[in-house]
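Chemist: Task: produce atomic coordinates for the following.
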Amino acid sequence: MSLRDVIVGIIRKEGPIPFSRYMELCLYHPELGYYARPKEKFGKSGDFYTSSDVHAVFGRLLARQFEEMWRELGSPAEIDLIELGPGRGLFAQDVLDWSGKKFPEFAAALRYRLVESSPSLRSRLEQRFASDTRVKVYAELEEAAQECGSALIVFGNEFFDAIPVEIVSEYGELRIGEKNGEFVEVWTEQSRPTTDFLYWYGVNPRPGERVEAPRLANGWMQRIAAAFAERRGFALFIDYGYTREQQVAGRHRDTLMTYREHQTSPNAYEAPGEQDITAHVNFTALQQVAEAGGMTSLGLVTQSSLLLGIGHETEFSDAFEGCVLPQERVKVTLQLKHLISPEGLGESFQALVLARGVEKVELSGVSF
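Modeler: As a prediction, the model looks like this:
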């Protein structure tokens, strides 16, 4: 049975379902969802690239930032780093390797906890890190947090963009129905939670347009803030997204997109379970929810500013270490440029940096 058949069966039994549930089934159905499938999703042979696929310098630079966070916390004997949505574990491997090489005291204190909802990806992660006692893999954030000590860092790269969203137009809130086995869009009266979300964090759609209401992302941020109860530490999230002010100015409306074999499409109904579905992240909402949960926002900066802030003092020596031939340096320079330049990922990705129980801190990544 295909995922399309499964979803059609649910709709026939229950009636039209919210778009967020449709998106959740497409991405996270335990057997047929996109992230449950064994097909490669990342890199050249997959559907999209992440920053960790570009070059190991992404993980190396953030290892430098994590080490600075550890020192700001007083260099505790143990610190836990929870990574949400770690994918294949490339970033984690880069952080662990570079920390061991450049920051041995931090590496000795570091316990790395990977939180991955996909059973197939969890299995790959467990195999990858089977011999590394510093690493443990979990299905749930709360399960990982329960085993953490008093010093904590939470990190997510392109995590929030894959959390299901609601979609709203001038006709109401979107639900997905079916007719003769095909999906059809049904507009219903906008729910109170969605109305409240748009009032506090977003904008109402103009005639002829759609906007997303990423309410479930707020729930995730509440859970993240709760993980810091009785703990001190930092959280860092990198994603493509926007502020409410940018939406008011007419940007980042109708951002839903699919990715398949490095091709993009706005059609989320074409191949359920076989393509990634994402939406831009509402950083205004995440900031406010985090602050309501007791966290402090240290800044929202571009990925370019974050990486430049971390790397400028060492002139990005992290990137070029190991290069012997001139052509190797040229290749790395181009990869680094892709991570930092406006033409690459530098300006399209934002970094939200949060703290809990830390006062008067200045981190390299948010002070450049």
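
Chemist: If you count neighbours, what's buried in stretch 4-19?
Modeler: 4, 6, 7, 8, 10, 11, 16, 17, 18, 19 (16 or more other CB atoms under 10 Å). No exception for glycine: its C-beta is placed from N, CA and C like everyone else's.

Chemist: residues making contact with it?
Modeler: Here stretch 4-19 makes contact (CB atoms under 8 Å, 6 or more residues apart in numbering) with 22, 25-26, 29, 32, 164-167, 173-178, 181, 183, 186, 188, 272-273.

Chemist: Any regions of the stretch 51-200 of the chain where pLDDT drops low?
Modeler: Scanning the stretch 51-200 of the chain with the threshold set as pLDDT under 70 gives 51-55.

Chemist: Could you count how many residues lie near residue 184?
Modeler: The tally of other residues near residue 184 (other CB atoms under 10 Å) stands at 13.

Chemist: dump the residue contacts of it.
Modeler: When contacts are counted by CB under 8 Å, 6+ apart, residue 184 touches 176, 177, 178.

Chemist: Run the chain-centre distance for stretch 162-175.
Modeler: Put simply, stretch 162-175 sits 20 Å off its chain's centre (CA atoms, centre = their mean, to the nearest Å).

Chemist: what's the answer for stretch 92-107, then?
Modeler: The chain centre lies 22 Å from the centre of stretch 92-107; the measure is CA atoms, centre = their mean.

Chemist: Any of the contacts of stretch 4-19 buried? List them.
Modeler: For the contacts of stretch 4-19, a burial check counting by 16+ other CB under 10 Å picks out 22, 25-26, 29, 32, 164-167, 173-176, 178, 183, 186, 272-273.

Chemist: Help me confirm that residue 152 is found in a helix?
Modeler: No. Residue 152 is assigned strand when assessed by DSSP: H, G, I helix; E, B strand; the rest coil, not a helix.

Chemist: For residue 315, see how far away residue 184 is.
Modeler: As judged by CB to CB, to the nearest Å, residue 184 and residue 315 stand 56 Å apart.

Chemist: my bad, should have said residue 305
Modeler: Using CB to CB, residue 305 is found at 17 Å from residue 315.

Chemist: between those two, who's got more neighbours?
Modeler: Ranked by neighbour count (other CB under 10 Å), residue 305 and residue 315 place residue 305 first, with 20 against 9.

Chemist: Which element, helix or strand, includes that one?
Modeler: Using DSSP states H and E, the element containing residue 305 is helix 303-311.
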